[in-house]
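Q: Need a 3D model of the following:
(2 chains)
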Amino acid sequence: MEACENTIRLEIYRWEPRREPRPRFQFFHRPWQSRLTVLGLLQEVYEEHDSSLAFRSSCREGICGACAMLVNGRYRLACATPVADLGTKCITVAPLPRLRVIKDLVVDLEPFWRAHEAVRPYLTPPSGPPGGREFLQSPRDRERMGQAIACILCGSCFSACPTHWTGKHDLGPAALTRTFRFYADSRDGDGAARLARADRGLWRCRYALNCTDACPRNVNPAHHIRELRRQAVRSWLGRVTRRT
Amino acid sequence: MRRSRCTREVGYRDSDAWPGQFKVGTWAFVLHRISGLALVLFVFIHLAAMASALRGQDAFDRTMAFLHRPVFRPLEVALLAALLFHGLNGLRIILLDLGVGFRYQKHMFWAAFALAAAGTLTGAWYLLAPLIGGMGR
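A: Numbers count the residues shown, from 1 in each chain, chains lettered A, B, ... in the order given. Predicted structure coming up:
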């Protein structure tokens, strides 16, 4: 491997499955500049060299989750990754693994969104807001949702989860984290039904904790899955003891 | 920026096989599965061997004589390895399910792995030494 002194050596995964039999890596070199982000590099390639490069991006401030990809083997948001943070001037960019590549860095997130849709990721209050105005939440109730609220649905955990690799009908960490987020929300009134909907994915987790490792937003999906399991066991015990 | 003429072909079709993806958690998951399947397979073999007793003492003795062949010793070592790893990693999973040690899950995996390896090596010494020493029972 060539040294990258004062030069950024960018290596981009390129593949158009409809036309090319197999993927390849394309190389670019540019003078080092510490204030660039990985997304900036991709945009530079797109604008100045090869407009056939496909990648997703939108907000450029790490809040939309569109530009999640593997940067030097780690899950990162390209827009929120300054090249200076990588510790190397050789940068390899690849799409999220274990998802079908549509073109270059763009993968098919259909299974991810399907799982997300299945858990009904929206607030279902039991009745209208008190006084007809708005739902209030105390800071303490907000605390119960923890970091789960920070998920931006980038798909990194879904791509990293080995349970999802082996089961096509699995919900995956993001959908379960979203379930927890609404389950723990004091304004939501759909708790029991949420647990029931999550049931098919909830018990398949084997704590590989790849999701926690992968999350570029420091969410800990495994922790939320554990908490949901605890609640599920608790509600089951409640039902059983009430019956007898 | 300048574009290099050279490109590197990738051998695999998907971006699945990134070596970087084989992190601690993935190893824990894969090894747990493999050892679990191996243990299920063993239970069936074990049941079949025990069931031969239903066909009389002779049949059972023949099965036992067959299973005492040196060929099976390494398999016993593999069984020991699967049992130890699956059990110890199972403890790790139970602890995580109880909410203990999320921060130390990697250390816990390595501890389970190291203990299983140590146990397997010790067992292998006892199981294989008679074979190597030529003093087979």
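
Q: any weak-confidence spans in chain B?
A: Counting by pLDDT under 70, the low-confidence segments of chain B come to B:5-21, B:134-137.

Q: give the contact list for the residue most central in space within chain B.
A: The central residue of chain B, meaning the one whose C-alpha is nearest the mean C-alpha position (C-alpha atoms, centre = their mean), is B:Ala82 at 3.2 Å. Listed by C-beta atoms under 8 Å, 6 or more residues apart in numbering or on different chains, the contact partners of B:Ala82 are B:Ile34, B:Ser35, B:Ala38, B:Leu39, B:Phe42. Quick note: C-beta positions are derived from backbone N, CA and C, even for glycine.

Q: same thing but at 7 Å, please
A: When the contact criterion is C-beta atoms under 7 Å, 6 or more residues apart in numbering or on different chains, the partners of B:Ala82 are B:Ser35, B:Ala38, B:Leu39.

Q: okay if I get these as a markdown table plus distance to A:Ala115, neighbour count and secondary structure?
A: As requested, the contacts of B:Ala82 are exported to a markdown table (distance: C-beta to C-beta, whole Å; neighbours: other C-beta atoms under 10 Å in any protein chain shown; DSSP: H, G, I helix; E, B strand; the rest coil):
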| residue | distance to A:Ala115 | neighbour count | secondary structure |
| --- | --- | --- | --- |
| B:Ser35 | 28 | 22 | helix |
| B:Ala38 | 31 | 17 | helix |
| B:Leu39 | 31 | 16 | helix |
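
Q: quick one: which of those is nearest chain A?
A: Here the nearest of the contacts of B:Ala82 to chain A, counting by C-beta to the nearest C-beta, is B:Ser35; it sits at 12.4 Å.

Q: so that closest one touches B:Gly87, yeah?
A: No: in this structure, B:Ser35 is not within contact of B:Gly87 by C-beta atoms under 7 Å, at 9.0 Å.

Q: quick one: buried residues of the worst-scoring helix or strand of chain A on mean pLDDT?
A: Within chain A, judged by mean pLDDT, DSSP states H and E, the helix or strand with the poorest mean is helix A:162-166; its value is a mean of 85. Residues of helix A:162-166 classed as buried by neighbour count (16 or more other C-beta atoms under 10 Å in any protein chain shown): A:Pro162, A:Thr163, A:His164, A:Trp165.

Q: And the next helix or strand past it?
A: Sequence order places helix A:173-183 as the next helix or strand after helix A:162-166, per DSSP states H and E.
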